[in-house]
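J.: Based on what follows, work out the 3D shape:
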Amino acid sequence: MIKKRFPPASIPIAIFLLAAVAYGLLIPWMGFYWDDWTFAWISRFLGPLEFIEAFKPFRPFLGPFFVLTTAIFQENPLAWQVFGVILRALTGVAAWWSFGKIWPQRQREVALASLCFVVFPGFLSQWVAFTHTNQELISLLAYLLSFGVTALALRSAARYRALTLGALALMFTGLFPTEYFFGLEVLRPVILWFMLQTTTISLRQRFAQTARHWAPYLALWLINAGWLYSYQSFGAYESYDVKVFSTLQLPLVKVVINIIEEAIKAIAIAGFAAWTRPFQLLTQPLGVLSNLLTLSLIFASFIAVIFYLGKIEFSEVEPNQSQTPWAVQAMTLGILGILAGRLPSWIAGLPLAIEFSWDRFMLSMMLGGSLLLAGLVEFFVKNGLRKTALYSLLIALAVGRQFATANTFRRDWENQRQFFWQLTWRIPALEPGTMLATHELPLVYETDFNLTAPLNWIYSPVLESKDLPYMMIYTRARLGSALLPKVEAGLPVEYQYRTMTFRGSTSDMVVFYHPAPGCVRVLDAVYAGKETTPGLTYMLTDAIPLSNLSRIQAKVAPSISPSELFGDEPAHGWCYYFEKAELSRQNDDWQKVAELGQEAAANGLSAITPVEWLPFIEAYAHTGDYAKARELTQQVHESNKDLDLALCALWERAANQEAAPEELQSQAAEAVSGLKCQP
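T.: Below you'll find the predicted structure:
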């Protein structure tokens, strides 16, 4: 009976399936993250052609990528996620194809290195799809293909010139739009050197031929280097500064030590930590559903990969003993690839870590990280079955790591939607020129600049000029900057947001706080001052007096769209009633606040954090339900005595209102009798 085997031609299919499992299982529940928001907003409100102008100050060759892709996918998160998975798989196929042209007699090793490459667990931001497909993955795909076409040209004298031109065009596409892959060109002469081993020429001739074949690529690389230098020196350039010069000005010994330390760190992170950290998944408690799903996926992936690797049929070729062993070649290219991939971010003085958002620099290092791993396995593990099992385990763990990370992106998307729904329940509309300020939001994959885009999307669905209506700022990041020079009223603010300009004032801010867990709270000096936020950083509490609630158009019907971004209105849980109560309090409608509290109680809902009872306590005091007001006062006091000052303040406000009944005044005195009303 003939055993069915998988042909080598099945490898691209395997790569696509592997990418789909690693990155695609949760994409129906994914959305926009990080810079995705800004780019999606530009696409929707300014049009695809605006990307030409938007990228002119720092990556002018990148704009056309965005113009083309946004014209196709527009602002559809699912389309971008699918495109991202396809593009990631294509980079894996490109790596396999190029490796195959470089090492045509090493089908097995090439396939395994490519499978490792497509799930490389050092880069964990695949789902920032709008951003990374355009800014890096398209260029990476082109650069990988350029290596393969170079190898093809070397083996084809008849088509050498045409293929070299093709490789140069691909190199241009991979090199000029982004500086990420600036260092990878160092791999090409080494690849040529290894390939020329197969010819019977002297060492001197080999050097000469390597130089001759690499010369056109080196020329293009030098043109790019000169262009980068001149463009960075140009006055309109706005991007990362070159920070390495400060290091190079140190004494020579310190410079050498610094470079060695950075090199070791890069190899340790991209070559080893990236592959060993996924083993931590095996120690996670099984009682958590997400952990159980991840471990189940790891097990299923291991079985599938080991079965596939055991069934795939490779042609066996006896290695040429006069050549450098493949494992040594792979390790050499791997180490060089890691160091070369680290070069651009090192020059810019940017850190390297397997955490958001610094892991994006792994995109230029994952080729080296995958080749180094494959070389190490081939060098140290000689038994074929053990080798297959080890590869299968590493690939399966990488799949698990990607899936576990995808789940954090899924949760973040849901948290984004919940935040914006709460915000619109509390703030139905805003006066243009308003800044929303908070210390920091409990969101993992977005900054204040990123969230400025959906903020404007919601509150300014029609854009009539290049004036940006709203700005989101984190005091943690912006205090002392042009957006928040000082915590002082009346300071003008003008800020460039891509091709738009925001103009406002520190007197036109709405300060808010979003605890986790808890509901969004708009802060102000009267009802939600410093006494209601015990333990909160001064960087936010000092800004509370600047919170101008008149910027909120409180009597406008709320609107949030489109639903494909923000979802349908969620079920009305506690935070809905809290936000509506706070809005009614702003409108001095204490009766409505009390009714909302009663409705929430009737639905079995209660405060997530004790401070969320405060507007209801004050409403019950105003509407004569003193028993309920005092009951909740005691409940808050017992839950968090740090809120005593806030409780005392609200009872004092209620008792001191114009024409307050005597009973309210006596009830207030009794309610605060057991509280600490002095700091």
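J.: pLDDT on the lengthiest helix in the chain, on average?
T.: Criterion DSSP state H: the longest helix present in the chain is helix 384-426. For helix 384-426, the mean per-residue pLDDT is 97.
J.: List the neighbouring strands of the helix or strand that it is followed by plus their orientation.
T.: Next along the chain after helix 384-426, taking DSSP states H and E as the criterion, comes strand 434-438. Neighbouring strands of strand 434-438 in its sheet, by DSSP bridges, are strand 470-474 (parallel), strand 509-513 (parallel).
J.: thinking again about what came up before, what's the offset of the longest helix of the chain from the middle of its chain?
T.: Between the centre of helix 384-426 and the centre of its chain there are 12 Å (C-alpha atoms, centre = their mean, to the nearest Å).
J.: And it, what does it pack against?
T.: Judged by 3 or more C-beta pairs under 8 Å, 6 or more residues apart in numbering; DSSP states H and E, the packing partners of helix 384-426 are helix 11-24, helix 107-118, helix 289-311, helix 366-380, helix 448-459, helix 563-566, helix 574-586. From N, CA and C alone the C-beta is placed, and that goes for glycine too.
J.: what angle separates that helix from helix 574-586?
T.: 30 degrees (axes from the mean of the first three to the mean of the last three C-alpha atoms, to 10 degrees).
J.: Would you mark the buried spots in stretch 163-179?
T.: 163-164, 166-168, 170-179 (16 or more other C-beta atoms under 10 Å).
J.: do stretch 201-216 as well
T.: Quick answer for stretch 201-216 (16+ other C-beta under 10 Å): 209, 210, 213, 214.
J.: now do stretch 563-575
T.: 565, 566, 567, 574, 575.
J.: Can you check the distance spanned by that stretch, start to finish?
T.: Chord length of stretch 563-575, first to last residue, is 20 Å (C-alpha to C-alpha, to the nearest Å).
J.: List of residues touching it?
T.: Residues outside stretch 563-575 that contact it (C-beta atoms under 8 Å, 6 or more residues apart in numbering) are 31-32, 75-77, 417-418, 420-422, 425, 454, 457-458, 519-520, 560, 576, 600, 603, 605-608, 612.
J.: Go again with 6 Å.
T.: Here stretch 563-575 makes contact (C-beta atoms under 6 Å, 6 or more residues apart in numbering) with 417, 420, 421, 422, 519, 560, 605, 608.
J.: What is the neighbour count of the closest residue to the fourth one other than its chain neighbours?
T.: Read that as residue 422. In space, and not counting its chain neighbours, residue 422 is closest to residue 520: 4.2 Å by C-beta to C-beta, 6 or more residues apart in numbering. The tally of other residues near residue 520 (other C-beta atoms under 10 Å) stands at 24.
J.: again with residue 506
T.: Neighbours of residue 506 using other C-beta under 10 Å come to 21.
J.: Does it touch residue 494 like I think?
T.: No: between residue 506 and residue 494 there is no contact under C-beta atoms under 6 Å: 12.0 Å.
J.: circling back to that earlier point, turn the helices and strands packed on helix 384-426 into JSON lines, including mean pLDDT and distance to residue 62.
T.: Shown next, in JSON lines, are the helices and strands packed on helix 384-426 (pLDDT from 0 to 100; distance: least, C-beta to C-beta, whole Å):
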{"stretch": "helix 11-24", "mean pLDDT": "98", "distance to residue 62": "23"}
{"stretch": "helix 107-118", "mean pLDDT": "97", "distance to residue 62": "24"}
{"stretch": "helix 289-311", "mean pLDDT": "96", "distance to residue 62": "34"}
{"stretch": "helix 366-380", "mean pLDDT": "97", "distance to residue 62": "20"}
{"stretch": "helix 448-459", "mean pLDDT": "96", "distance to residue 62": "18"}
{"stretch": "helix 563-566", "mean pLDDT": "88", "distance to residue 62": "24"}
{"stretch": "helix 574-586", "mean pLDDT": "97", "distance to residue 62": "40"}
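J.: and residue 61, which of the ones you listed is closest to it?
T.: Of all the helices and strands packed on helix 384-426, it is helix 366-380 that lies closest to residue 61, at 21.3 Å by C-beta to C-beta.
J.: buried stuff in that closest one?
T.: By 16+ other C-beta under 10 Å, the buried positions in helix 366-380 come out as 366-378.
J.: what's the closest of these to residue 484?
T.: residue 366 (37.8 Å).
J.: Contact partners for that closest one?
T.: Counting by C-beta under 6 Å, 6+ apart, residue 366 has contacts 120, 123.
J.: Likewise for the one 3 residues further on?
T.: Contacts were defined as C-beta under 6 Å, 6+ apart; by that measure residue 369 touches 120, 122, 270, 271, 274.
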